[in-house]
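1. When you get a sec, could you give me coordinates for this:
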Amino acid sequence: MNKAAEWIDLTGKVAHVTGGARGIGRGISRALAMAGAKVMVSDLRLEDAQAVATEIGGQAMALDVTDRAAVDTAMAATKSRLGGLDILVNNAGVYIGYGGPVRSITDEMWKTLWSVNVDGVFYCCRAAASIMIDQGKGGRIINVSSTQAVSPGVGVTYDGSKAAVMQITKALALELAQYGINVNALAPGPTWVREGVPPKTGGQPPNRSGDPLADTVADRIARLPVGHWADPMEQGKAVVFLASSMSDFVTGIYLPVDGGWLTL
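-> As a prediction, the model looks like this:
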């Protein structure tokens, strides 16, 4: 193997991907396995997680990231079953049905989204960081934020939660650098999580719905500079970069993988 290939090689590394059974999470799980990592795929739906684990030669477990005790158990189980914990990818999150105008957001909607998107990230970071510190060999924590963290359009609930993830990432990067643990945030742009090839955007403004939040997002998607949605593997490739020695001197960043979304 030549030197450049070694930089991206994750052979011998153990990764845990939350929400790893579908969409972007599946792309991340697949990419890490292709780079050589042993991957633990966790998801609310165990059957879906097992299907991905079978596909990539990894292992699976059910996990509700809002359950602190379950998170602690899951991270410890990853170490015991796979021999360690080197990479955590906090991908689990909710989106559909939790945006919209502030007047329509109920207390339950707010608490549910933040418990997954923010509390879940914190619980997983805390549990994984503790294991990595005790192991004494550094590690990688990659939190999935969003372009909505800095360019809002979905609504205060989702956009606010992803901004919180970005700031959590920066604070942890400062705290954990002394232990050789790099902490970074991935910020996906429009990513096609359904079956089939990502569609072309067409470059034309969409039909207006009358909802300024939805129209803002739809307009930007229609005008994406690269001309199409991302495939989940595009996000997975970026995670491999952040998990590998290619990013040894990279910590505390917010990495947009957005096809030019934030230039609009």
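2. per-residue confidence averaged over the host helix or strand of residue 16?
-> If you go by DSSP states H and E, residue 16 is part of strand 14-18. In this model, strand 14-18 has a mean pLDDT of 99.
3. Distance across stretch 88-107, terminal residue to terminal residue?
-> Distance between the two ends of stretch 88-107: 30 Å, counting by Cα to Cα, to the nearest Å.
4. mind listing what's buried in that stretch?
-> 88-95, 98-100, 105 (16 or more other Cβ atoms under 10 Å). Any C-beta I mention is one placed from the backbone N, CA and C, and that applies to glycine too.
5. Same question for stretch 189-204.
-> 189-193, 198, 201.
6. Could you point out which residue ranges in the stretch 1-150 of the chain have low pLDDT?
-> 1, 96-99 (pLDDT under 70).
7. Can you show me the strands along it?
-> Ranges of strands within the stretch 1-150 of the chain are 14-18, 38-43, 59-62, 87-90, 139-144, based on DSSP state E, counting those that start in this stretch.
8. Adding distance to residue 182, write the ones you listed out as a markdown table.
-> Listed next are the strands of the stretch 1-150 of the chain as a markdown table, based on distance: least, Cβ to Cβ, whole Å:
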| stretch | distance to residue 182 |
| --- | --- |
| strand 14-18 | 14 |
| strand 38-43 | 19 |
| strand 59-62 | 24 |
| strand 87-90 | 10 |
| strand 139-144 | 5 |
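9. follow-up on the earlier one: among the buried residues of stretch 189-204, show me the least confident.
-> Within those, lowest confidence goes to residue 198 (76).
10. So that residue is in contact with residue 228, correct?
-> Yes: look at residue 198 against residue 228 with Cβ atoms under 8 Å: they come within range, at 5.1 Å.
11. which residues touch stretch 159-170?
-> 90, 93, 99, 113-114, 117-118, 121-122, 125, 141, 143-146, 148-150, 152-153, 183-185, 187, 252, 254 (Cβ atoms under 8 Å, 6 or more residues apart in numbering).
12. Try it again at 6 Å.
-> With contact meaning Cβ atoms under 6 Å, 6 or more residues apart in numbering, stretch 159-170 is reached by 113-114, 117-118, 121, 143, 145-146, 148-149, 152, 183, 185, 252, 254.
13. List the buried residues in it.
-> 159-166, 168-170.
14. just stretch 143-160 next, same as before
-> Going by 16+ other Cβ under 10 Å, stretch 143-160 has these buried residues: 143-149, 151-155, 157-160.
15. re the thing from before, of the buried residues of stretch 189-204, closest to residue 12?
-> Of all the buried residues of stretch 189-204, residue 12 sits closest to residue 191, with 29.1 Å by Cβ to Cβ.
16. The closest residue to that closest one other than its chain neighbours: how many residues sit nearby?
-> In space, and not counting its chain neighbours, residue 191 is closest to residue 230: 4.4 Å by Cβ to Cβ, 6 or more residues apart in numbering. Residues lying near residue 230 (other Cβ atoms under 10 Å) number 23.
17. from now on call the first residue 18
-> All set: I'll call the first residue 18, so the last point we hit is now residue 247.
18. pLDDT wise, what is residue 247 at?
-> On the pLDDT scale, residue 247 is placed at 93.
19. and it, backbone torsions?
-> Residue 247 adopts backbone torsions of phi -80, psi 150, taken as degrees, to the nearest 10.
20. Okay then, goodbye and thanks.
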